[in-house]
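Engineer: Please work out how this folds:
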Amino acid sequence: MAGYGLPIWHNGTRRGFQDEFTPEYHLIPQGLMRKDLRMIWANITALSLLASAVLGTEYEVPGDFPSIQDAVNAASTGDTINVGPGTWPGRLDYRGKDLLIRSTAGIEDTILDANGVGTVVIFTSGEGPGAILEGFTITNGSGQLHQGEMTGGGIQIVESSPTIRDCLITNNTAHNGGGIAIWESSPVIEHCTFTYNHADGDGGGLRLHHFTTLILQDCTFTENSAQVFGGAIAYGNDSDGEHIDCQFDSNTAGLRGGAIASACDCNDPQLWGSNFCNSVPDHILGGWQDFGGNEFCPVCAMDVSADGTVDVNDVLQVINAWGNCICVEDVDGDTVVGVNDLLAILSEYGPCPE
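Structural biologist: Numbering: from 1, shown residues only. Presented below is the predicted three-dimensional model:
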């Protein structure tokens with residue numbers, strides 16, 4: 001293997017070198033050596049800057065900054081913010097930056113708490129999949145105003161596509177989307193638990209608003225409630241969702257869709273390997289695609305009088321509500337109580353399953 005040996009000098013200028021292992025001499029044109037060194041140094045500098053941009057800078061909270069928002073304000077896209085244990089104030093806004101914000105101690109010891117004032121975490125400035133929230137409890141949010149509604153108690157996502165993983169979203173409220181509200185966005189939510197969130201309107205745990213595409217994987221929804229539709233999840237118009245290996249237990253809607261409500265044919269909920277139990281009054285309102293592996297505990301969705309039996313009382317209740325109505329008697333969720341609802345009641349006539 002050849003190596004570089006002694007330099008060759010002529011009139012005070014380095015002109016080449018002698019090969020270490022052969023008698024050959026290699027001449028370098030005068031002036032080229034200095035030019036090459038400048039080019040090499042420029043390339044090294046450019047690569048160093050590129051590596052810094054790709055790898056980003058890591059900040060510690062509270063080590064480098066007293067608050068998470070202070071760290072966000074100082075950080076740039078591609079940076080990482082490591083958050084130590086403790087209860088941190090909510091109203092955390094990513095401000096359009098694709099940052100990884102992660103806890104160092106996990107959800108039990110790292111809490112984002114809005115104390116009942118506004119939304120806990122905000123993605124409303126075009127954040128992409130590189131905007132990651134990981135390992136926090138998100139609680140006590142009350143939502144913020146968007147298009148005339150108080151939405152997104154725990155998290156609000158508008159025209160953004162963040163990644164949310166390994167989080168507990170609990171005890172948040174809003175008119176729509178108690179836990180999370182999503183507007184015209186494409187987030188990925190994985191390995192999260194939604195519990196004890198409430199909506200005065202639709203979507204106790206989560207609400208997809210217009211033109212949203214959601215990937216929801218390995219998530220659990222328990223004890224979430226909505227006063228109208230979708231105790232766990234409610235779909236707005238023209239939204240799609242992939243629900244993969246999710247668990248739904250004991251979610252409640254005031255009217256329909258204890259677990260999922262999707263009354264419009266323009267929506268496309270897709271389910272793989274998900275389990276549904278103890279939904280009130282029913283598991284799913286509206287159409288959905290079954291990609292296999294889904295399991296459902298028995299429910300008595302046609303018992304509109306909630307007396308444990310589908311009987312003449314339910315038939316009379318449907319007849320009394322005949323016509324346009326957003327009500328529990330509208331069992332198919334088309335906002336009209338009519339023949340289809342009556343036939344559905346009659347199809348399950350008898351005692352409710354144990």
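Engineer: Now do the contacts for the residue nearest the centre of the chain.
Structural biologist: Closest residue to the average C-alpha location of the chain: residue 189 at 3.6 Å, with Cα atoms, centre = their mean. For residue 189, the contact set (Cβ atoms under 8 Å, 6 or more residues apart in numbering) comprises 163, 164, 165, 180, 206, 214, 215, 216, 217, 219. Where you see a C-beta, it was placed from the backbone N, CA and C, and this is true even at glycine.
Engineer: okay, residue 90: pLDDT?
Structural biologist: pLDDT, residue 90: 87.
Engineer: Leaving out sequence neighbours, find the closest residue to it.
Structural biologist: Leaving aside its sequence neighbours, residue 90 sits nearest to residue 114 (Cβ to Cβ, 6 or more residues apart in numbering; 3.1 Å).
Engineer: What are the buried residues along stretch 74-86?
Structural biologist: 75, 78, 79, 80, 81, 82, 83 (16 or more other Cβ atoms under 10 Å).
Engineer: neighbouring contacts of that stretch?
Structural biologist: With Cβ under 8 Å, 6+ apart as the criterion, stretch 74-86 contacts 53-63, 65, 68, 71-72, 97-105, 109-111, 130, 136.
Engineer: And these, which of them are buried?
Structural biologist: 56, 59, 61, 65, 68, 71-72, 97-103, 110-111, 136.
Engineer: Tell me which entries of the residues you listed lie within helices.
Structural biologist: Those of the buried ones among the contacts of stretch 74-86 mapping onto helices are 68, 71, 72, per DSSP state H.
Engineer: Reformat those residues as a markdown table; add pLDDT and distance to residue 278.
Structural biologist: As requested, these are exported to a markdown table (pLDDT from 0 to 100; distance: Cβ to Cβ, whole Å):
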| residue | pLDDT | distance to residue 278 |
| --- | --- | --- |
| 68 | 98 | 36 |
| 71 | 98 | 41 |
| 72 | 98 | 39 |
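Engineer: got the buried residues for stretch 326-346?
Structural biologist: By 16+ other Cβ under 10 Å, the buried positions in stretch 326-346 come out as 327-333, 337-338, 341-342, 344-345.
Engineer: nope, stretch 288-308 is what I was after
Structural biologist: For stretch 288-308, burial by neighbour count (16+ other Cβ under 10 Å) applies to 288, 294, 299, 300, 301, 302, 303, 304, 305.
Engineer: In three-state terms, label residue 317 for me.
Structural biologist: helix (DSSP: H, G, I helix; E, B strand; the rest coil).
Engineer: neighbours around it, how many?
Structural biologist: Counted with other Cβ atoms under 10 Å, residues neighbouring residue 317 total 16.
Engineer: quick one: contacts for it?
Structural biologist: Residue 317 neighbours (Cβ under 8 Å, 6+ apart): 304, 305, 329.
Engineer: pretty sure the second one is touching residue 312, no?
Structural biologist: No - under the criterion of Cβ atoms under 8 Å, residue 305 lies out of contact with residue 312, with a separation of 9.8 Å.
Engineer: And the pLDDT for the residue nearest to residue 351 when sequence neighbours are not counted?
Structural biologist: Excluding the flanking residues, the one nearest residue 351 by Cβ to Cβ, 6+ apart is residue 309, at 5.3 Å. On the pLDDT scale, residue 309 is placed at 90.
Engineer: show me what contacts residue 309?
Structural biologist: Residue 309 is in contact with 303, 350, 351, 352, counting by Cβ under 8 Å, 6+ apart.
Engineer: Please flag which of these sit within strands.
Structural biologist: Here DSSP state E is the test, and these give 350, 351 as lying in strands.
Engineer: can the contacts of residue 309 go into CSV with extra columns for pLDDT?
Structural biologist: Compiled in CSV, the contacts of residue 309 are given as follows (pLDDT from 0 to 100):
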residue, pLDDT
303, 85
350, 90
351, 90
352, 85
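Engineer: could I get the contacts of residue 309 as a markdown table with distance to residue 143?
Structural biologist: Formatted as a markdown table, the contacts of residue 309 follow (distance: Cβ to Cβ, whole Å):
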| residue | distance to residue 143 |
| --- | --- |
| 303 | 33 |
| 350 | 42 |
| 351 | 41 |
| 352 | 35 |
